[in-house]
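> below is the sequence, then the predicted model.
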Amino acid sequence: MHNSQKEYELYSGLILKSTFDEINNSMISTINDENSIKEFSLLNYDNSLDNENIKFEEHQTQKLENIKKENKNLKKNFNLEEKYIKNLLNKTQLTVSQIEELIPKLKGRFFNLMNGKNSNYIMSELIQNASKKQKLIILSEIYNQIDILAINEYGSHPLQALIEKASSKDEIIMIINAVSSKNKLIKIAKNSNGTYVVQKIISYFNENYRNKINKIIIKHFTELCYNMYGVCVIKKFINTCENEQILLSLLSLFMKNIINISENQFGNYAIQIFIEKISKKEKLFSLFEQYIIFNFIRLSINRFGSRVIECFIEKLNRRKKIQLFNCLLETGYLNQIIINKYGKYVIYKLFNGYEDLYDINIRNIISNMNIDINSINNNYLF
């Protein structure tokens, strides 16, 4: 027998030899058996027990002790076996036919293996080399527990491998249906581990397949914007979006909630990404520009809103920057913004690179306010 075949058989045998479920079930069975014996002894205790009953009880007690000892040894060695399997897998590249033989033997264990501290790496390696049929077998088994895997620090890794390696429509649809059912998507997206799962789906799956997910994200848009992990999903969603209708829907949502999202510690990042996305789409940017200008003063003097304004200013051309600055000067709002600890950076953004275009009187105004424009520059940069 070839060494590779021996290693494969050993690999198969070790995985099948013991799992935590089997150990725990055995322990539970042991405890139940022990309690049964105690109950039997108490209910049937009689000073006149014959020698056969005494011997039977002693035999059963010894048997239980042996089982507990064996279970203890199995549990002690389980992590060592998992590590050995991982090392073996790194040395031996399993073929599709070998995995074909192995996967049916692992049925009923995929969830636990994916969720294990060490075994999740084993499953990730198996998934990397599995065929479409084999991946569908795994997906069908974990379908109803996909949210538990997604938010688990171990389970999320092999699940991401399934997403990355999904090569057929059947696999993609099964994954999307699984995460979309019973509002699981939002729970996953707002989790520190789950956010990467949803981002993987957005990155790897075509927009045409993601209709269900797109609708859920848009429905819970503001909720995700206000969450530190949810906003990462929103940023990925915006960056990968090429559908004009979806971009219009996002524009509408941002315009309706522009103050709340801009002034939120997480939401402001979502708007900045959206500004970057639509900056080269003249019609969309023009619509959005009106809402920014309307709320310009309030956002400029807000800790998080000022970041949105700075991002917006960066996307303005020379002519619009001059118009905006002159408008602030004429309406008297320049003073209100420039003396604010956040607003002064907004004014710097307007000056930066275009100082020669502004009237000398503007610099005199700034000087009269006892504000050093160089100090603004230094504070902004550092």
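Here it is on my side, so go on.
> in contact with Ser140, which residues?
Neighbouring residues of Ser140 by CB atoms under 8 Å, 6 or more residues apart in numbering: Met174. Just so you know, the C-beta spots here come from the backbone N, C-alpha and C atoms, and that holds for glycine as well.
> got the CA coordinates for the helix or strand hosting it in PDB?
Assigned by DSSP states H and E, Ser140 belongs to helix 132-142. C-alpha atoms of helix 132-142 as PDB (Å, rounded to 0.1, in the frame of the first residue of the first chain):
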ATOM      1  CA  LYS A 132     -19.500  21.400  -6.300                       C
ATOM      2  CA  LYS A 133     -21.400  18.300  -5.300                       C
ATOM      3  CA  GLN A 134     -19.300  18.000  -2.100                       C
ATOM      4  CA  LYS A 135     -19.800  21.600  -1.200                       C
ATOM      5  CA  LEU A 136     -23.500  21.400  -1.700                       C
ATOM      6  CA  ILE A 137     -23.600  18.400   0.800                       C
ATOM      7  CA  ILE A 138     -21.800  20.600   3.400                       C
ATOM      8  CA  LEU A 139     -24.100  23.600   2.700                       C
ATOM      9  CA  SER A 140     -27.300  21.500   3.000                       C
ATOM     10  CA  GLU A 141     -26.200  20.300   6.400                       C
ATOM     11  CA  ILE A 142     -25.300  23.700   7.900                       C
END
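> for the helix or strand following that helix, buried residues please.
The helix or strand immediately downstream of helix 132-142 is helix 146-150, counting by DSSP H and E. Going by neighbour count (16 or more other CB atoms under 10 Å), the buried part of helix 146-150 is 146-147, 149-150.
> which elements pack onto helix 146-150?
Under the contact criterion of 3 or more CB pairs under 8 Å, 6 or more residues apart in numbering; DSSP states H and E, helix 146-150 touches helix 110-115, helix 156-164, helix 169-180, helix 184-189, helix 194-204.
> would TSV of these with mean pLDDT be doable?
TSV is the format used below for those (pLDDT from 0 to 100):
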stretch	mean pLDDT
helix 110-115	92
helix 156-164	96
helix 169-180	96
helix 184-189	96
helix 194-204	97
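> which stretch among those comes nearest Phe312?
Ranking the helices and strands packed on helix 146-150 by their distance to Phe312 (criterion: CB to CB) puts helix 194-204 first, at 25.2 Å.
> angle of that closest one against helix 156-164?
10 degrees (axes from the mean of the first three to the mean of the last three CA atoms, to 10 degrees).
> just after helix 194-204, pick out the following helix or strand.
Downstream of helix 194-204, the next assigned helix or strand under DSSP H and E is helix 211-219.
> what's next to the helix or strand just after that next one, contact-wise?
Next helix or strand after helix 211-219 toward the C-terminus (DSSP H and E): helix 221-225. Residues from elsewhere that reach helix 221-225 (CB under 8 Å, 6+ apart): 186, 189-190, 217, 230-231, 233-234, 250, 253, 257, 260-261, 264, 266-267, 270.
> could you dump the helices and strands packed on helix 146-150 to TSV with mean neighbour count?
Formatted as TSV, the helices and strands packed on helix 146-150 follow (neighbours: other CB atoms under 10 Å):
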stretch	mean neighbour count
helix 110-115	22
helix 156-164	23
helix 169-180	18
helix 184-189	23
helix 194-204	22
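> could I get the ones you listed as CSV with distance to Glu65?
Shown next, in CSV, are the helices and strands packed on helix 146-150 (distance: least, CB to CB, whole Å):
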stretch, distance to Glu65
helix 110-115, 28
helix 156-164, 38
helix 169-180, 45
helix 184-189, 45
helix 194-204, 44
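> returning to what we had before: angle of the helix holding Ser140 against helix 169-180?
Going by the same axes, to 10 degrees, helix 132-142 makes 20 degrees with helix 169-180.
> quick check: buried residues in helix 132-142?
For helix 132-142, using 16+ other CB under 10 Å, the buried residues are 134-139, 141-142.
> can you check stretch 281-289 too?
Applying 16+ other CB under 10 Å to stretch 281-289 flags 284-285, 288-289 as buried.
> from the residues you listed, which land in strands?
Among the buried residues of stretch 281-289, no residue falls in strands (DSSP state E).
> could I get those as a markdown table with distance to Leu102 and pLDDT?
Putting the buried residues of stretch 281-289 into a markdown table (distance: CB to CB, whole Å; pLDDT from 0 to 100) gives the following:
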| residue | distance to Leu102 | pLDDT |
| --- | --- | --- |
| Leu284 | 52 | 94 |
| Phe285 | 55 | 95 |
| Phe288 | 54 | 95 |
| Glu289 | 59 | 93 |
